[in-house]
Structure formats: C-alpha cells, structure tokens
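# What follows is a protein structure lacking sequence information:
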C-alpha cells in the first residue's frame, strides 16, 4: 500500500470515528442537569417555578405556574446548581402568603455543603420530621390535616431573592 492510499484509509477511519462520536455523544442540553432539584427518599424533582416578593408584601409566582409546584411525600435535601445563587433557608407559610402581607410564616435554617464549583447541597433538618412539619403548619395557621401549606426554598443573589415553592403531602 502506498503512502497516498494509507493516508486516505486513515482519513476515512478518522471520519468514521468522528461520526460515531458525534452520534453517540448526548447533546449538551441533554447533559445539563436542572439547576434546582428537590431530593426525596425515592425521587429527584426539579423545582421549575419560583415566586418573588412583591412591593405589596405578597408572593407572586413569576416563573412557571402553580401547576409546576410539586407535592412530595418527604424531603431529604436540595441540590442547587444555579451559578451565583445561594440557598438561604426554607420558608413555611399558608396559601394566604399569595394574597396577604400579614400571612403568618416561619423561616427554617438550612445547612449547606459545597459539592462542585457552583453546586451546593442544602438540607433543612426540620423537614425530615413529620411531627415538626405538622407543628409548622399549625404555627402558620393551617388547620390540622389541612393541605394549604407551602414550603419555599429561598435562593439569593446580590439584592434579588427567589422563592422556589413545593408542598409536602399531609400523611393520611
């Protein structure tokens, strides 16, 4: 085989290998994980919707819709990978927070652990105890067994704050 034939063969093999790599490699969009994820004991749920505090003192869902607010059976921890945004706590409130600035609310502390350049895990220990969750619901004015309570993972960046809502199902 002369050198010209060998180069053509090598070029053909390289082109075929490149085509296989392009076909086999998932797209960059598919590889990208959702930035805010709530982990339960059985699943991972992206938190898509977020609310912001309006000048009137009420929360308003400004990204996504109420259909995007998940209801989970339990909460283990959160993974926050939104560059520049830092988890600050978890807010507990009743549905009234969306309509009244005087709605009762409770702020729960969190602990964070960096797991990457711009990714942290956040854990609110109070959300792991069903009795504590029920106590928090009563404290914000939700009747026992009621399901009108909301929990919000609070993220902050500079002077902006976002409230990522989720609900915890009432045990039957």
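Ah, there it is. These figures come from a predicted structure and were not determined experimentally. Numbers count the residues shown, from 1 in each chain.
# Tell me the buried residues in stretch 94-106?
Within stretch 94-106, the residues that count as buried by 16 or more other Cβ atoms under 10 Å are 94-98, 103, 105-106. Every C-beta, even on glycine, is put in place using the N, C-alpha and C of the backbone.
# Name the residues that touch it?
The contact list for stretch 94-106 (Cβ atoms under 8 Å, 6 or more residues apart in numbering) reads 51, 56-61, 91-93, 136, 139-142, 148-150.
# which of the buried residues of stretch 94-106 sit farthest apart?
Pairwise distances across the buried residues of stretch 94-106 peak at 16.3 Å for 98 and 106 (criterion: Cβ to Cβ).
# ok, back up a step: among the contacts of stretch 94-106, name the ones in helices.
136, 139 (DSSP state H).
# just checking, which of the contacts of stretch 94-106 belong to strands?
Among the contacts of stretch 94-106, the members found in strands (DSSP state E) are 51, 59-61, 91-93, 149-150.
# And these, which of them are buried?
51, 59, 61, 91-93, 149-150.
# can you tell me which two in the residues you listed are farthest apart?
Comparing all pairs in these by Cβ to Cβ, the longest separation belongs to 61 and 92, at 17.0 Å.
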